[in-house]
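> give me coordinates for this.
(2 chains)
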Amino acid sequence: MKKYIFLSAIASLALLGCDPEFDSSIEEGDFYTAGDADFSNFVSVGNSLTAGYADRALYREGQMNSFPNTMAGQFELVGGGEFRQPLMEDNLGGLKLNGSVILDNRLVLAVGENGMPAPLPITGDPQTDLSNPLSGMFNNMGAPGAKSYHLLAPGYGNVAGVAQGLANPYFARFASSAEATIIADAAAQQPTFFSFWIGNNDILGYATSGGTGVNQQGNFNPATYGANDITDINVFASAFNDALTPMLENASGGVVFNIPDVTTIPFFTTVPQNPIPLDQPTAAGLGQIFGLYNTQILPGLQGFGIISEAEVASRQVNFQAGEGNFVTIRDENLTDIAPFLQNPPFSLPPEIANLFGQVRQATMEDLITLTASGVIGTPVGQIEFMGTPVPLINGITVPLSDQFVLTPQEQTNISQAQTAYNATIEALASQNNLAFVDAAMLLTEVSESGIAYNGGVLTSEFATGGAFSLDGVHLTPRGYAFIANMAIQAINQTYNASIPQVDIGNYKTIQPSNNVD
Amino acid sequence: MNMKKLMLSSLLFLAFVSAYAGGYRVGAQGQRALAMGHSGVAVVSNAELAFFNPSGLVLLENNLNVAVGATGVFSNVRYQNPNTGQFSQTDSGIGTPFYLAASFRITDWLAAGISVTTPYGSQVEWPTDWAGSHLVNEIELAAIFIQPLVSIKVNDYLSVGGGPIFVTGSVNFNRNLTRSLVDEEGVRSNVEIDDSGITNWGWSASFMFTPTDKLNIGFNYRSEILLNAEGGEATFSNVPNSPAVPAENGVSAFDATLPLPAEWSIGATYQFSEKFMATVQYDRTLWGVYDSLDIAFPESGTASINPRNYKDASIYRIGAQYEVNDRFTLRGGFYLDESPVQAGYFAPETPRNDAMGYTGGFSFNVNSKLAIDASFLFLRFEEIDASYDFYTEDGQQAPFGGTYKSNAFLPGLGVTYKL
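Residues are numbered from 1 along each chain as shown, chains lettered A, B, ... in the order given. Alright, predicted model coming up:
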């Protein structure tokens, strides 16, 4: 018995003696302060970027690495509380409605038999079904796809509306009721601190669709907008303000982000305007066809007063042997000459007239979408022209359709809206003494010079740069961690806090995997 | 009773010992020496000499001398990085280094002996996927030294001794492949290398100089021994299914060499009175041999190169003992242990900086033959800001640094038997 006492005395001495203490301990709270802010109940409002969406899907790993979740992890050092997220059921990211898949699995980088890597959806049967909604409140209210005015839209989380496209499938998983709005559910949690990043989709749908939507400037009724339209700047301003106001009520503070320049993302910077290599015979064949078009048809149309001299110049199509030929595109801002070509003196058959209808060659000012990479150069049949068979090839004899190209005019529509949105955001941030993250400037910097971190440089290079996921639009965990750091920096400045930033080198980039079909 | 059980379990589960001296050297090869700052090279007291200075065995009064003991190692390391807010702490597993020493006098001038010890080893267990998991999650090294010995009395002043050392070792090391690679389920990609029964030979030689009855001067040298793990098992797990990743799930062979460095010690003991004795000792461990931990995978022709660049390091020891009465002897000591780790090479697998060891202990003579030896060691490390700068990803260095603070407490028990 005595021996046991002796042994336990030694053991307790050992444990005491063995607990080394730092002079200043992170764990004991000796390092950081929350400043003037209270992080005990942190709520995040936004879209896919807030949700942690990546690789064209929302999946667990992406959510665990969402920028608000990373921020919440750091907030724990200064009194932050639990951060609940509406986690998907698996790491596949596909979404079902009543057992049938309505959204595909995430993209992974698969290496093909030819050794070429390509983004493909990961194999697997997704387990997340909208018929099993989540319950309770969620700190991360990010709903992929949400535009500014959606935050205020009742029924946006109504599962019954998902099939018809009237509701958001992600919000439908965690909306408090069928008629709930995102912002009401967020504000009901009485956040002591919030993040607020909305408006990206007000231009992004238009951009990624190659400008197929409508620029709705002057139309003040968002109920009439399509998914690919640009939101009117006044509609945006009032929706942003109306959604922000309830968040301010109980909060000690918040951080807002502006809207990045969509034209710097890999979705638009990866596929070059001039990707086409041609051998001598092909170039010569194309030279014959388009030579006729350049030297006979276009001047002829100018002679009839149908197109201007400037348009004749912009519509010239030239292919040469070698690398670097520009793709042909359909530009809806050009005069459609197809009807004229079917009439004398040209009298071309309609299918050929249509190919020439609004064709021009791309220039360095056009942006080709990432989705065009699987389209350019693919053969789609052949056609008889001037007695010889001509192969129909996308981007060469068949111009890329509108959805694959963002023309300078479309880019202007986007940048004008973006500039106006950002003026609103910055003004409201400053008016309400909120921390402000200039995401537009930061992501431009990532794109232009890169951001150095411990062990590398973060750039916007598709698949290899580290910042952007395989959809070319959304960020990787490393990219989101960078955003979280920049938000923390802004918060520290605004609220006299001292919250440490994470080492973004510890966060992953894209997923290599051949688990694809 | 309990002690017997403790011994038994130590021997059965001896496996792993915690590093608590420079590098992965574990100084706990005798309770009497340990109680005096682990100074034993010039102390003629009991069979512990078999490890510290085998030449002295012939000087022991009795014909048969046995010393066995084991030490419980309670160690803990904390890590934090104020730049990122990350913090962590090792799991304080209990290591049990042990020793068994015996000698037998054959004639007046010759004694034979045996020594079984665990002078090298390491057990560090960080939480899985902690901030430095790309460097180490867990490491366990163990090496058992088995050494037959002779001790020869050359004349009244000088004796010499030594013998070959047979070493059998094992290694288990687990780390994540990179800072961020995960499989399709988001689980960190990991490699674990494991090998046991790694054997090799070395030797030690020593002398003891006794110019007067009161003064002993001792010297001991133990050779370097390379533990060559050849064809060990490397298990890769949670690696994504992709030819773009230079590894695939499953077991493959690895080769690696872990050096157990040479060490020499010199010391002197002076018997100030019948009851009071003091000793000083200087140890030099030739850690310079530990240049790099290179793990080669012959099947794939790849290798993991991990520069270590250790430097030779010294330990300064003092100790004293006082015989209170026939039954009871008290001991105390101190040592200063220089780390072999150089700036920029501070890897969390052996997170050791300079340490100060405070020791104490006693012997209790149960009867004229049997004594119980107890010791304790408290090892104190200064808080240190350190980094390991030679981890690379995609050819870029990605240093891992922060603040470390370690402690260790080592209570030990042993018995001395003489006949």
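> hmm, the helix or strand harbouring residue B:194 touching chain A?
Assessed by DSSP states H and E, residue B:194 sits inside strand B:190-209. No - on the criterion Cβ under 8 Å from any Cβ of the partner chain, strand B:190-209 is out of touch with chain A, staying 14.5 Å away. For the C-beta atoms, the positions are set from N, CA and C on the backbone; glycine is no exception.
> and stretch A:466-477, what's its mean pLDDT?
Over the span of stretch A:466-477, the pLDDT mean works out to 98.
> now swap in stretch A:376-393 and tell me
Stretch A:376-393 shows a mean pLDDT of 88.
> send me it as CSV with only the CA atoms.
C-alpha atoms of stretch A:376-393 as CSV (Å, rounded to 0.1, in the frame of the first residue of the first chain):
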residue,chain,number,x,y,z
ILE,A,376,-12.3,24.3,-80.5
GLY,A,377,-10.9,22.1,-83.2
THR,A,378,-13.6,19.4,-83.0
PRO,A,379,-14.9,18.3,-86.4
VAL,A,380,-18.7,18.5,-86.8
GLY,A,381,-19.2,17.2,-90.3
GLN,A,382,-18.5,18.6,-93.7
ILE,A,383,-20.2,20.7,-96.3
GLU,A,384,-20.0,21.3,-100.0
PHE,A,385,-18.7,24.7,-101.0
MET,A,386,-17.9,25.8,-104.6
GLY,A,387,-17.9,22.2,-105.6
THR,A,388,-15.4,20.9,-103.0
PRO,A,389,-16.1,19.3,-99.6
VAL,A,390,-15.1,21.5,-96.8
PRO,A,391,-14.7,20.0,-93.3
LEU,A,392,-16.7,21.7,-90.6
ILE,A,393,-14.4,22.4,-87.6
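> could you give me the buried positions within it?
Neighbour counts over stretch A:376-393 (16 or more other Cβ atoms under 10 Å in any protein chain shown) mark A:376, A:383, A:385, A:390, A:392, A:393 as buried.
> ok, stretch B:200-210 next?
B:202, B:204, B:205, B:206, B:207, B:208, B:209, B:210.
> export those as CSV, with columns for pLDDT and distance to residue A:93.
Shown next, in CSV, are these (pLDDT from 0 to 100; distance: Cβ to Cβ, whole Å):
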residue, pLDDT, distance to residue A:93
B:202, 97, 57
B:204, 97, 63
B:205, 98, 67
B:206, 98, 68
B:207, 97, 73
B:208, 97, 73
B:209, 97, 77
B:210, 97, 79
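> measure residue A:451 to residue A:191 for me?
29 Å (Cβ to Cβ, to the nearest Å).
> typo on my end, residue A:226
Distance, residue A:226 to residue A:191, using Cβ to Cβ: 32 Å.
> so the two - more neighbours on which side?
residue A:191 (27 against 12; other Cβ atoms under 10 Å in any protein chain shown).
> would you check that the more buried one makes contact with residue A:43?
Yes - counting by Cβ atoms under 8 Å, residue A:191 touches residue A:43, with 3.6 Å between them.
> who touches both of those two?
Between them, residue A:191 and residue A:43 share these contacting residues under Cβ atoms under 8 Å, 6 or more residues apart in numbering or on different chains: residue A:247.
> what does the stretch 1-150 of chain B put close to chain A?
Counting by Cβ under 8 Å from any Cβ, the stretch 1-150 of chain B comes close to chain A at B:1-2, B:72, B:74-78, B:80-87, B:92, B:131.
> only alpha carbons, please: show the helix or strand following the strand holding residue B:194 as PDB.
Using DSSP H and E, the helix or strand that follows strand B:190-209 in sequence is strand B:215-222. Taking C-alpha atoms only, strand B:215-222 is exported to PDB below (Å, rounded to 0.1, in the frame of the first residue of the first chain):
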ATOM      1  CA  LEU B 215      41.300   9.500  -6.900                       C
ATOM      2  CA  ASN B 216      39.900   7.700  -9.900                       C
ATOM      3  CA  ILE B 217      40.300   8.900 -13.500                       C
ATOM      4  CA  GLY B 218      38.300   7.100 -16.100                       C
ATOM      5  CA  PHE B 219      37.900   7.200 -19.800                       C
ATOM      6  CA  ASN B 220      35.500   5.300 -22.000                       C
ATOM      7  CA  TYR B 221      35.000   5.200 -25.800                       C
ATOM      8  CA  ARG B 222      32.100   3.700 -27.600                       C
END
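> want to throw the buried residues of stretch A:376-393 into CSV with distance to residue A:120 and secondary structure?
CSV is the format used below for the buried residues of stretch A:376-393 (distance: Cβ to Cβ, whole Å; DSSP: H, G, I helix; E, B strand; the rest coil):
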residue, distance to residue A:120, secondary structure
A:376, 18, coil
A:383, 32, strand
A:385, 36, strand
A:390, 32, strand
A:392, 26, strand
A:393, 24, strand
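> just flag the most distant two among those.
Farthest pair in the buried residues of stretch A:376-393 (Cβ to Cβ) is A:376 and A:385. Separation: 20.9 Å.
> ok, residues contacting stretch B:285-292?
The contact list for stretch B:285-292 (Cβ under 8 Å, 6+ apart) reads B:22-23, B:25, B:224, B:259, B:261-263, B:305-315, B:340.
> closest approach to chain B from chain A, which residue is it?
Closest to chain B within chain A is residue A:455: 2.9 Å, counting by Cβ to the nearest Cβ.
> my guess is that residue contacts residue A:504. True?
No - counting by Cβ under 8 Å, residue A:455 stays clear of residue A:504, with 9.4 Å between them.
> which one of the two has more residues nearby?
Ranked by neighbour count (other Cβ under 10 Å), residue A:455 and residue A:504 place residue A:504 first, with 26 against 22.
> I'd like the average pLDDT over the strand or helix carrying residue A:69.
Assigned by DSSP H and E, residue A:69 belongs to helix A:67-75. In this model, helix A:67-75 carries a mean pLDDT of 98.
> and it, what does it pack against?
In terms of contacts (3 or more Cβ pairs under 8 Å, 6 or more residues apart in numbering or on different chains; DSSP states H and E), helix A:67-75 is packed against strand A:42-46, helix A:48-51, strand A:193-197, helix A:477-495.
> what residues does it touch?
So helix A:67-75 is contacted by A:39, A:42, A:44, A:49-50, A:52, A:63, A:80, A:83, A:85, A:139-140, A:142, A:193, A:195, A:475, A:480-481, A:483-484, A:487-488, A:499-502, A:507, B:85 (Cβ under 8 Å, 6+ apart).
> pull the distance from the helix or strand that it is followed by to the chain's centre.
As assigned by DSSP H and E, the chain's next helix or strand after helix A:67-75 is strand A:95-97. Taking Cα atoms, centre = their mean, to the nearest Å, the mean C-alpha location of strand A:95-97 is offset from the chain mean by 21 Å.
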